[in-house]
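**Q** generate a structure from the sequence data that follows.
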Amino acid sequence: MSGNIFQTAFDRLVSARERQVRRYVNGALLSMDDAQLKALGRTREELKREGAQAYFF
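**A** Numbers count the residues shown, from 1 in each chain. Reported below is the predicted structural model:
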């Protein structure tokens, strides 16, 4: 039973990190122009809707 608690906690931790990375990547993609985003099959509105974190380079 206790193994399940640790698995659930681990799964939630991984899920949270994946969301954080996705927001970071979306922030980086928002620095591209619309033509570059279109070539990747993405739109600026889609990225904003998914959430973005400031990206500094």
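**Q** what separation do you get for Arg19 and Glu50?
**A** Using C-beta to C-beta, to the nearest Å, Arg19 is found at 10 Å from Glu50. For every residue, glycine as well, the C-beta is placed using N, CA and C.
**Q** actually, Leu37.
**A** Using C-beta to C-beta, Leu37 is found at 13 Å from Glu50.
**Q** any idea how far Ala16 is from Ala9?
**A** Using C-beta to C-beta, Ala16 is found at 11 Å from Ala9.
**Q** correction: the previous question concerned Ala28.
**A** Ala28 is 29 Å from Ala9, where distance means C-beta to C-beta.
**Q** these two: which is more packed in?
**A** Ala28 (15 against 10; other C-beta atoms under 10 Å).
**Q** quick one, what contacts the closest residue to Gln20 other than its chain neighbours?
**A** Spatially, and ignoring its direct neighbours in sequence, Gln20 is nearest to Gln53 (7.5 Å; C-beta to C-beta, 6 or more residues apart in numbering). Neighbouring residues of Gln53 by C-beta atoms under 8 Å, 6 or more residues apart in numbering: 20, 23-24, 26-27.
**Q** between Leu37 and Glu50, which is the more surrounded one?
**A** Leu37 (17 against 14).
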